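Q: When you get a sec, could you give me coordinates for this:
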Amino acid sequence: MRMEADLPDDVDALRALVLDQARKLESTDAEVERLRAIIDAFQRHRFGRRSEQLDPDQLQLGLEDAETALAHAEAAGLAKTVRAPADRPRKTNRGSLPAHLERIEQFVDVEEIDGIRACPCCGGALHQIGKDVAERLDVVPITFRVLVTRWPRYGCRSCESAVVQAPAPARIVEGGIPTEALIAQVLVAKYADHLPLYRQAQIYPRQGVQLDRSTLADWVGRAAWYLRPLRDHIQDGLRHSERLFADETTAPVLDPGRGRTKTGQLWAYARDDRPWGGVSRPMVAYVYAADRKADRPEAHLGDFAGILQVDGYGGYAVLARRRLHVRLAFCWAHVRRKFYALADSSPVATEVLRQIASLYAIEDEVRGSSPEQRRAARAARSRVIVDDLHLYLEGRLRQLSAKSRLGEAIRYALTRWEDLARFFDDGCIDLDSNTVERSIRPLALNRKNALFAGSDESGDNWAVIAPLIACCKLNAVNPHEWLTRTLSELANGHPANNVAELMPWTAVA
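A: Presented below is the predicted three-dimensional model:
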């Protein structure tokens, strides 16, 4: 930034300087406007009607790069602007910082000369008339420390035969170097933050600590063994629920015998009663399987009896036919997606989306209400929309080719209509299965960063630890704090038949 002493005295030179600055500012403003237009376009894709067709993770990457470039351009424009110090715009924090964070005080004051703070105008003594306070968010990178435990041995002077010593503290890794807090850090980084172990092994040397990937893998495997009863407890709780969400996704796994990867399956089962005011704690469980056979859900769910909210996978229909006490409720979001791909070229698809949007608007109004209130609102307002939509789809299907994409989308909806309309009869049923889809999203992020698993056994370990972290998120519990406390309890011999006391939601009960 130019100071007053740097400005030329010649009028023509000053005029040239002003014109040059104006051209630079105009160029900077144009760049800022261009970047803002890019960000607006990203936001339209994120929240607009085509959002279902875009990868949300790639969208976030694009947004953060565009916003970074915008901040750079704005900073460049600010640096080119000639301002006196007093004219600089005052910056304030964007929102208050959390009160529980440590505050490190800094004091900035006017320089004293001969013990007094003198007025720059007349030299008189200054007196304080107020103060400004600003807070900035600081960070201390991950810091390792060494926990030294000493336990003395005692001998008896009288008999000289007894040696007494307190028992050594229990550990998850007997004879190993990690504390339970460090193991928790590795687990959270891998299963919550999607950092594979080899990347963690590359990060930790920044603090002067060398940890091999194989060492980290050993810690993870031992922790999974201790945590397995908790995963089993969650699965048992889900089987005894009255309503569940289910979904499945592919999981690439190494196939050493063939020298390439094979496709495993990860199944997710979730419960979340909060939309209708239920008191049961939200939870999710993952189950890894080597294939997608139709009998997998039946084996996973055991003696479950109730409503199973799912997508269009045929294995769930097989389960419902075999077990009459299981009733399916299909997902309207999956129906909607079939028509999203056609909305730009089909007025029929656009009309279907409009009517489905009306259903979701009603659901937004009754979210959190009691089951009775939700059922009454649906009977009064939603049923007529669904009935009209059914007639509309039947009429349009007769006019379409059997092989057309629009015909396929309509048949997808009509062949599942009874189970799509089941939400009328039960105020506890949601309109879609997005609850479980959000729960299974971490696997999609993990797939972008690394191979899912190196073997079927590794896939099963993933299905032990990942749902526990997912349950922490669902119940607003810090996963690192919970894992540290829970691993310490398990190492100290917490009874395996009483793991209910260790569940994440007990931390907020």
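
Q: contacting residues around stretch 117-127?
A: 109-111, 116 (CB atoms under 8 Å, 6 or more residues apart in numbering). No exception for glycine: its C-beta is placed from N, CA and C like everyone else's.

Q: got a markdown table for those, with distance to Q185, secondary structure and pLDDT too?
A: Listed next are those as a markdown table, based on distance: CB to CB, whole Å; DSSP: H, G, I helix; E, B strand; the rest coil; pLDDT from 0 to 100:
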| residue | distance to Q185 | secondary structure | pLDDT |
| --- | --- | --- | --- |
| D109 | 40 | coil | 91 |
| V110 | 45 | coil | 91 |
| E111 | 45 | coil | 89 |
| I116 | 52 | strand | 88 |
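
Q: any chance you could map the strands in the stretch 301-450 of the chain?
A: 306-310, 326-330 (DSSP state E, counting those that start in this stretch).

Q: right, so of those, which gets closest to V436?
A: strand 306-310 (7.8 Å; CB to CB).

Q: what about the residue lying closest to T506 once chain neighbours are set aside, neighbour count?
A: Nearest residue to T506, sequence neighbours excluded (CB to CB, 6 or more residues apart in numbering): A500, at 7.9 Å. Using other CB atoms under 10 Å, A500 has 11 other residues around it.

Q: now swap in T486 and tell me
A: Neighbours of T486 (other CB under 10 Å): 25.

Q: for the stretch 151-300 of the chain, what spans make up the strands?
A: Using DSSP E, counting those that start in this stretch, strands in the stretch 151-300 of the chain cover 153-155, 163-165, 243-255, 260-271, 283-289.

Q: Pick the most deeply packed of those strands.
A: strand 283-289 (a mean of 25; mean count of other CB atoms under 10 Å).

Q: Could you list the low-pLDDT ranges of the stretch 251-400 of the chain?
A: 254-259 (pLDDT under 70).

Q: Mind doing that once more with 90?
A: Low-confidence segments of the stretch 251-400 of the chain, defined by pLDDT under 90: 251-266, 277, 279, 288-295, 311-315, 323-324, 340-345, 400.

Q: Could I get the full set of helices for it?
A: Using DSSP state H, counting those that start in this stretch, the helices of the stretch 251-400 of the chain run over residues 296-301, 314-322, 332-340, 347-366, 371-377, 383-397.

Q: how about the ones you listed in a markdown table, adding mean neighbour count and distance to Q207?
A: Listed next are the helices of the stretch 251-400 of the chain as a markdown table, based on neighbours: other CB atoms under 10 Å; distance: least, CB to CB, whole Å:
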| stretch | mean neighbour count | distance to Q207 |
| --- | --- | --- |
| helix 296-301 | 19 | 42 |
| helix 314-322 | 16 | 47 |
| helix 332-340 | 20 | 44 |
| helix 347-366 | 16 | 47 |
| helix 371-377 | 17 | 52 |
| helix 383-397 | 15 | 59 |
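
Q: Kindly reformat those helices as TSV containing distance to I429.
A: Converted to TSV, those look like this (distance: least, CB to CB, whole Å):
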stretch	distance to I429
helix 296-301	17
helix 314-322	15
helix 332-340	11
helix 347-366	11
helix 371-377	9
helix 383-397	13
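
Q: quick one: the residue nearest the centre of the chain and W276, what's the gap?
A: Centroid check for the chain by CA atoms, centre = their mean gives P442 as the closest residue, at 7.0 Å. For P442, the distance to W276 equals 26 Å [CB to CB, to the nearest Å].
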